[in-house]
Structures are given as structure tokens and as C-alpha cells.
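[1] here are the coordinates; sequence isn't available:
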């Protein structure tokens with residue numbers, strides 16, 4: 001399987017030597033589950049797209065420091081591309097910004113959350129039972145870094161996971177779209193660096209709680225296995 005990474009941001013150049021860039025984080029994570037997976041990377045900010053969607057078996061939209069409602073030409077072009085992929089039922093994953101972009105592009109709503117910033121380890125409840133949600137895990141935890149949220153799911157979306165802080169934490173549409181608000185690809189060390197850089201923006205209470213939460217365990221491999229199970233179901237059908 002070849003997964004096309006639709007890259008929507010880059011890590012700080014000063015951090016790349018130690019932590020890598022976002023595509024590398026995803027490639028490393030997915031290949032830790034299946035070393036045979038292949039990847040292509042397309043820079044959305046440079047408006048680099050596959051010549052045809054069939055160039056990759058599935059696509060993944062990454063996170064970004066931007067908001068999906070920002071008035072940027074590359075964001076609007078990506079929004080149209082999501083509609084095209086959905087129309088053709090091409091398998092698609094969305095993480096954080098990608099989760100929010102897919103919701104917005106397909107008629108849902110993404111906006112700045114009244115809850116404020118969510119950072120550090122967050123816990124979620126799986127509310128559906130599906131064959132591809134294997135290994136089975138009723139509750140899971142992942143790293144989060146966001147202040148925007150999906151406040152209204154698009155038509156035809158089925159909620160997969162929720163939390164009190166983030167009610168629309170994961171959703172799917174049919175057998176070809178699956179999205180998550182939290183970040184399976186991030187590691188705790190990199191997330192701590194992000195929180196340090198944004199300490200003044202976050203404020204003392206959110207910052208302290210986020211740092212303390214890093215002592216909690218996370219399950220990125222389980223969620224990645226779910227995503228691969230979902231993609232294989234979609235590509236085989």
C-alpha cells in the first residue's frame with residue numbers, strides 16, 4: 001500500500017535535526033506497524049498534488065499551525081481536493097488540522113473552541129464497535145495540541161470517539177474516510193518542546209496541566225493499527 005501524505009506544515013527548522021519533520025513522524029509510526037508500507041509526500045502549502053488520485057492507494061492530511069478557516073489559497077485548494085477524494089470514495093485519513101479540514105470541506109463546522117487550548121495527553125472514549133477497531137480498546141489516550149475543534153460533523157459522518165473536552169474527537173464516513181483530532185504521530189519530547197514555545201499563549205494553568213499529563217501513557221500504535229485496518233478494508237473494497 002502506498003500512502004500519500006498531504007503535508008500542511010513543517011516543524012521548526014531548529015527542531016528538525018532532533019525530532020524530524022511531520023511526514024517523517026507519520027512514516028516512522030506507520031512503518032513501525034508495517035515496514036512494507038510505501039509513502040509519497042506532497043507539500044500542500046506549495047500546492048503540490050498527485051497527478052491523479054490513483055497515484056496513491058490512500059491519503060493522509062497532517063496537522064498544521066494554520067486554521068482551516070484561514071483565508072489562504074492553499075487551504076481553499078486543499079478543501080476542494082478533499083471534496084474530490086470524497087466524491088470518488090478514495091481512502092482518506094485526517095489528523096488534527098486534517099480532521100478539521102475534512103469536516104469543514106464536507107459540510108461540517110470547525111471553529112475555535114470555547115474550551116480553549118487542549119495540550120498534552122488527552123483521553124478518549126471509543127463509542128462504536130467495528131471489526132477494524134482491533135485490537136479492542138474502550139478508552140485510549142493520545143497527545144493533543146489544538147485550540148480549534150470540529151463542532152458539527154458533516155452529513156453522513158459517524159462519531160467514533162469522544163471526550164468531555166473534545167466531543168467530536170474521531171469520525172468516519174462510509175468505508176473511505178477516518179479522522180482523529182489528537183496526534184498519534186507526535187512523541188512526548190516534541191510535544192513538551194511545543195508547549196515550552198507556547199507557554200505564554202497557553203497560560204500557567206493549561207501549561208502546567210499539559211506538562212503533568214505527559215506522565216500518562218499513550219497508545220499511538222493501537223490507533224495506527226486501527227487506521228491501517230480501516231484503509232485496508234477501504235482499498236480492498
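    Perfect, I can see it now. Everything quoted here is computed from the prediction, not taken from an experiment.
[2] which SS class is residue 59?
    Recorded secondary structure, residue 59: strand (DSSP: H, G, I helix; E, B strand; the rest coil).
[3] pretty sure it sits against residue 93.
    Yes. At 7.1 Å, residue 59 and residue 93 qualify as touching, with contact defined as CB atoms under 8 Å. In this view, the C-beta of every residue, glycine as well, is placed from N, C-alpha and C.
[4] quick one: distance of stretch 73-86 to the chain centre.
    16 Å (CA atoms, centre = their mean, to the nearest Å).
[5] same thing with stretch 66-84?
    Distance, stretch centre to chain centre, for stretch 66-84: 15 Å (CA atoms, centre = their mean).
[6] list the buried residues for that stretch?
    Within stretch 66-84, the residues that count as buried by 16 or more other CB atoms under 10 Å are 66-68, 74-75, 78, 81-82.
[7] can you put those residues in CSV and add secondary structure, pLDDT and distance to residue 124?
    Formatted as CSV, those follow (DSSP: H, G, I helix; E, B strand; the rest coil; pLDDT from 0 to 100; distance: CB to CB, whole Å):
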residue, secondary structure, pLDDT, distance to residue 124
66, coil, 96, 24
67, coil, 97, 22
68, coil, 97, 21
74, helix, 98, 30
75, helix, 98, 26
78, helix, 98, 26
81, helix, 98, 28
82, helix, 98, 23
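[8] farthest pair in these?
    67 and 81 (17.7 Å; CB to CB).
[9] tabulate the buried residues of stretch 66-84 in JSON lines, adding columns for distance to residue 161.
    Below are the buried residues of stretch 66-84 laid out as JSON lines (distance: CB to CB, whole Å):
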{"residue": "66", "distance to residue 161": "24"}
{"residue": "67", "distance to residue 161": "22"}
{"residue": "68", "distance to residue 161": "20"}
{"residue": "74", "distance to residue 161": "29"}
{"residue": "75", "distance to residue 161": "25"}
{"residue": "78", "distance to residue 161": "24"}
{"residue": "81", "distance to residue 161": "25"}
{"residue": "82", "distance to residue 161": "21"}
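[10] residue 188: which of those residues is nearest?
    Distance to residue 188, by CB to CB, is smallest for residue 66 among those, at 23.9 Å.
[11] residues contacting that closest one?
    Neighbouring residues of residue 66 by CB atoms under 8 Å, 6 or more residues apart in numbering: 8-9, 72, 75, 97.
[12] and if we set it to 7 Å?
    Applying CB atoms under 7 Å, 6 or more residues apart in numbering to residue 66 gives the contacts 9, 72, 75, 97.
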